[in-house]
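1. Sequence plus the predicted model coming up.
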Protein chains: 2
Amino acid sequence: MSEDFENIYELAEKLIKSDNISETKKIEEELKNSLLPHKKGSIGIAQINPIAGNIEYNAKKIIKYINHAQNIGLDLVVFPELSLMGYQIEDTIDRHPIIVEQNVKWLKEISKIVTKTTAIIGFVEPRKQDCEGKKYYNSSAVISDGKIQGIIRKSLMPNYSEFNDYRYFEPSLAIGEQMPETLGVFDENLIKNNNKLTIINGIKYGISICEDCWNDNEFFNNKNLYHKDPIKELAKENPDVFINCSASPTRSKKEQLKHNMLSFISKKYKTPFVYVNQVGAIDNNSYDGAGRVYDSNGNLLARAKSFEEQFLIVNPISGLGKIYPLTNGLEKTLTESKIYTLEYEPDLERTYKTIIQGIKDYFKKTGFERAVLGLSGGLDSSVCAVLLTDALGCKNVFGISMPSKITSDESKNDAKLLATNLGINFTQISIKDMFETTNNCLQNLFKSVESEWEGRYKTSFTPDNIQARSRAILLWGISNEFGKCLPIATSDKSELYMGYATINGDMSGGFAPIADVTKTKLFALARWLNKNRIQKNAIPESIILKKPGAELAIDPKTGKPLIAEDALMPYEFLDEIIWRIENKKESYNDMVNSEFLYEQKNSVSKEQKIEWLDKFYRRMSTSLYKWSILPPSVIVDSRSINKTDYRQPITSSGIDYKGKSEDEICDIIRNLTQS
Amino acid sequence: MSEDFENIYELAEKLIKSDNISETKKIEEELKNSLLPHKKGSIGIAQINPIAGNIEYNAKKIIKYINHAQNIGLDLVVFPELSLMGYQIEDTIDRHPIIVEQNVKWLKEISKIVTKTTAIIGFVEPRKQDCEGKKYYNSSAVISDGKIQGIIRKSLMPNYSEFNDYRYFEPSLAIGEQMPETLGVFDENLIKNNNKLTIINGIKYGISICEDCWNDNEFFNNKNLYHKDPIKELAKENPDVFINCSASPTRSKKEQLKHNMLSFISKKYKTPFVYVNQVGAIDNNSYDGAGRVYDSNGNLLARAKSFEEQFLIVNPISGLGKIYPLTNGLEKTLTESKIYTLEYEPDLERTYKTIIQGIKDYFKKTGFERAVLGLSGGLDSSVCAVLLTDALGCKNVFGISMPSKITSDESKNDAKLLATNLGINFTQISIKDMFETTNNCLQNLFKSVESEWEGRYKTSFTPDNIQARSRAILLWGISNEFGKCLPIATSDKSELYMGYATINGDMSGGFAPIADVTKTKLFALARWLNKNRIQKNAIPESIILKKPGAELAIDPKTGKPLIAEDALMPYEFLDEIIWRIENKKESYNDMVNSEFLYEQKNSVSKEQKIEWLDKFYRRMSTSLYKWSILPPSVIVDSRSINKTDYRQPITSSGIDYKGKSEDEICDIIRNLTQS
């Protein structure tokens, strides 16, 4: 990259941070001059972080970038998919159609100020009410000369994992730009006579929305999801540049796939490709941004930052671009190799940034600022405390150590030391009295119940749960008493799979930061945090070294607090089961018959392995209810148990995951028909 | 209906209740003889209640009815949509493909015993893995002579409210019966040369699956959802009879629409229509059964019971049928009229049966048998207690009165009297000590927090919530200590809309029976229960007469426990807002400008109305999180806040439901562009 380019990117970065009018004007003027040689074909990639449904908030962001684009003389400024509405808005547009009306009103008013550039703005487009099909299109408006010049409509409707587009949006039969007259009075006859391409300053653009570029049958080896390829259709018209407006969340594996695919398409059609992505988190989904440009040979020409709002100025025709470094882990991630590994290092920066963005945006967009969490001196709450500190600032985090009589001095000290290291607010309060009063009350109650009901367990988790629930009462109490404060659920993914989390206890909270991080990865994340944050070693080594356990019960065998792995199974084994199910869709029998990484390092008898697998499926089956009431969390892995992403009926808890052979089935049927 | 027919239906009812082999054989023999004149064209509608994913359980039910059909000599036995898998199975088939393999194995083994009848069995059909599109079809197999003779595949994929078909299933391009060779090795070329109709004993059947019959553009006045009409395609081949295999949950309004539509179609094509529906609840969805037959004039010839498993023998050719009475409220429901009313009477039997089936099946299918709930002496918990008693039996219900110092003697007595009336288990335990210990602990904690954090509320709900959460700890404690027992969340729909429910308190539980019943409807339901159950007046009149209030706080104005309506707004007004939003999608301004039923009866100032509407939208916006962690419940109304049915991002809490005018928007934009 030449010196010239570097200057442009420095100015652009200063521009979006400037909140002083005269400074802004000055930067815009400088940029305008620097960009003169690149004017024809110049594009501003406006990588914005919207709030779903908050049209005014999103519109103001959009107007800001339109103003910049016009003042610095760009040909074009492009916003992500559904940028006025925020993606995803889900069922809200069905129940509260006023927000759709509002997004059209704002779009029309915004159009009036778009006089010196062309803007491409995503919005929810109402279809004519008295026609076949769904009520809305997922559209982008092409705006210039003070009015809407054309509409791009999404054709392919993703409906898997976190995506639900087909629930709301009619797949467009037409590809590329449609006439503006079709807005709001959609008529199937109007879509036929369109030119498909959008011509701006003499350059022909083939514009598509998100999923529409994800269906190249060559790239996907004929395993693509849809029967139509909008990019192929656009390519027939010989565009000079492709543009795609997306809102695509980060998932492990995805960036590599996306890069390969976009590079493949631009090379295949010998046409540069401009990809614009949403950034920021909306509830459970964290969008990574990283908009980019590929040249006509499939080479990366420019790439915006990940997990950050940005205004990236590029010119795919003149070759103007800068490649900002990608967050580690986006580039190449673990699951890509299809082999299970405990080497989490390559994915930790992405994991960290995904969660930080998830916490930040959840709090900001719901109006909360502060978090309170229990600090047990264990790994889960310690990692949560660090993540919250980095997302909200140490003054906005309150850690509470709530020892019971089982809590060791070591745990209490570790909790305090962690809080001191982080500089967060901290206090300690014993739950001994609460536990005893509640336990007395419950024991009396149990006597009454026992006089009517059989089936009292000989050993129960009642005392364990009283502790966890008493702590949650204290945290929710603080949230009730102090403004803008949310309690935090500290459950991790391994334990949620096992149902090893207490309802109304540690799994209760306003947000669950690490619900999609397995225990072995959490250990790696703790070490990574200690090494990579400015403040080194915030998490005391003793917290990372000790074996996880909830310290809710004493193990009768050892006389010491129960170790989680003794109650469950080795975390390395457990996490590999989860990985195999989520990433390879392996069955019980597949796993019995293949060697686990854990088995390569430890001697495990067949009986032991089967015991662990049986326990896994049994516990997972009865955890479905817990998954259904899990607080909002951040999806991190390629697949998760987050209810936005994965849904299983709770009443399917009786599924036979081992399955039966033909012979067994045949025997059962024979018995039924003979009787 | 002739005497003969009555005899056939008495025998059929006895048949499915018989668990004695020789008795069964005898009934089958008798039925066979009675049915001889109706043999050609005879159909058994097997209205079964499956467990999602539990293939063996479902297969055994299917085999039972196949045996009956063969032994009594029916031409055909028809099962609902996805009958082997259970509808809906949701994402489970993606993550655990073994259950799909199993459902194919069972299907093939079952086929071998189908030698004397034709069976139509719904199953999840895997598509060839290396082709475009989704992994599965939603299919029904046509089986006779010991093997699969053909496949019917669903074309229209519902993806709204509780439906998510497009998430998993490839829409079939072909209509009607396809060749058996296409099973598992699907090839687009094979689908072209099919005959569409299924010929059995010389009669031509046009078979479709669920949504495929819901797209007649004449009936829907060109506002139909899809662009293709499978029934129209089938009709071109001149079938003698239509058959549709469905799994369609009950919703208010739906039965009338369904009846009108099916009657319309059979009349339009002058072809009898056989409609087979699933019965039973799967998590939040309650399927009402009520399979039926229309003759070629659109008249109802036969109809199975609602909310009950049944084997209904019909013959649309010979005119054999019986019309079982429809549950009140299915026939004609409130919302149908598009006018809000407090006359809930017509819908109460349906409401009651929907909830009872929901509780029964949730408990049975998850392996639970007993319920424990707090009895406050208020309406919500009282109605829940009655519903649980009727669903689970009085011995399986434990009511706990948990008074605090605010609880009135009247409430305590009412709770006890209710329990006595119902014959359920009952005990009383004071939460005074728990409250005081917890409150002391919290007050100490608040002092520590206050030394670091500003923003402590002058008035808080902390003491209220301590009471609600202490009670939940006791209920969950019983669930932890006694086998097969679930605690019950007693929140109602009006209060959930207002967030007037305590997290980890009254809104916490394993199941929430009345979460989709508004308060005014609950009053009507209480009176209906008192009048219509065998045991009259189980709910003490004083419970129905008293004004609802959580008895968690004292109103400083009256010195008495706070009345909910004083904290919120009149329930009659609140429930009408909910109705207008859910049924008419009205906006804030629509409601300001239209007259409420409440306004016809009470004088309400404009300011007062606006205050209530503002409060509604403000409270609803901050209740989205609570909706996301709501326990499983039964969907009853035409629309709900159940997360299976309605999803809204929690971070969209800042939506401006009033909206802005063009002028206001224009002003904002002008300010932004001038600066």
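-> Perfect, I can see it now.
2. buried ones in stretch A:298-311?
-> Neighbour-count burial for stretch A:298-311, counted by 16 or more other Cβ atoms under 10 Å in any protein chain shown, picks out A:298, A:300-311. Bear in mind the C-beta positions are built from the backbone N, C-alpha and C, glycine included.
3. what about that stretch, near chain B?
-> No: Stretch A:298-311 stays clear of chain B (Cβ under 8 Å from any Cβ of the partner chain), getting no nearer than 16.0 Å.
4. Kindly check the end-to-end length of that stretch for me.
-> 23 Å (Cα to Cα, to the nearest Å).
5. one step back: what's the closest of the buried residues of stretch A:298-311 to B:Val142?
-> The shortest approach to B:Val142 among the buried residues of stretch A:298-311 belongs to A:Gly298, at 49.6 Å (Cβ to Cβ).
6. Excluding residues flanking it in the chain, which one is nearest that closest one?
-> Sequence neighbours aside, A:Lys267 is the residue nearest to A:Gly298 in space, at 3.1 Å (criterion: Cβ to Cβ, 6 or more residues apart in numbering or on different chains).
7. Could you export the buried residues of stretch A:298-311 as CSV, including secondary structure and pLDDT?
-> Below are the buried residues of stretch A:298-311 laid out as CSV (DSSP: H, G, I helix; E, B strand; the rest coil; pLDDT from 0 to 100):
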residue, secondary structure, pLDDT
A:Gly298, coil, 97
A:Leu300, strand, 97
A:Leu301, strand, 97
A:Ala302, strand, 98
A:Arg303, strand, 97
A:Ala304, coil, 98
A:Lys305, coil, 97
A:Ser306, strand, 96
A:Phe307, coil, 96
A:Glu308, coil, 97
A:Glu309, coil, 97
A:Gln310, strand, 97
A:Phe311, strand, 98
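8. For those residues, which two are the farthest from each other?
-> Taking Cβ to Cβ, no two of the buried residues of stretch A:298-311 sit farther apart than A:Gly298 and A:Glu309, at 27.5 Å.
9. What's the local residue count around the residue lying closest to A:Asn589 once chain neighbours are set aside?
-> Spatial nearest neighbour of A:Asn589, excluding adjacent residues (Cβ to Cβ, 6+ apart): A:Lys658 at 6.6 Å. By other Cβ atoms under 10 Å in any protein chain shown, 15 other residues sit near A:Lys658.
10. and if you look at A:Ser296?
-> 17.
11. confidence score at the closest residue in space to it that isn't next to it in sequence?
-> Closest residue in space to A:Ser296, ignoring its immediate chain neighbours: A:Lys270 at 4.7 Å, by Cβ to Cβ, 6+ apart. Per-residue pLDDT puts A:Lys270 at 98.
12. what residues does the stretch 1-150 of chain A put near chain B?
-> Counting by Cβ under 8 Å from any Cβ, the residues of the stretch 1-150 of chain A close to chain B are A:21, A:51-57, A:59-60, A:63-64, A:67, A:86, A:88-92, A:94-99, A:101-102, A:105-106, A:108-110, A:112-113, A:129-134.
13. one step back: surely the residue nearest to A:Ser296 forms part of a strand?
-> No: judged by DSSP: H, G, I helix; E, B strand; the rest coil, A:Lys270 forms no part of a strand; its state is coil.
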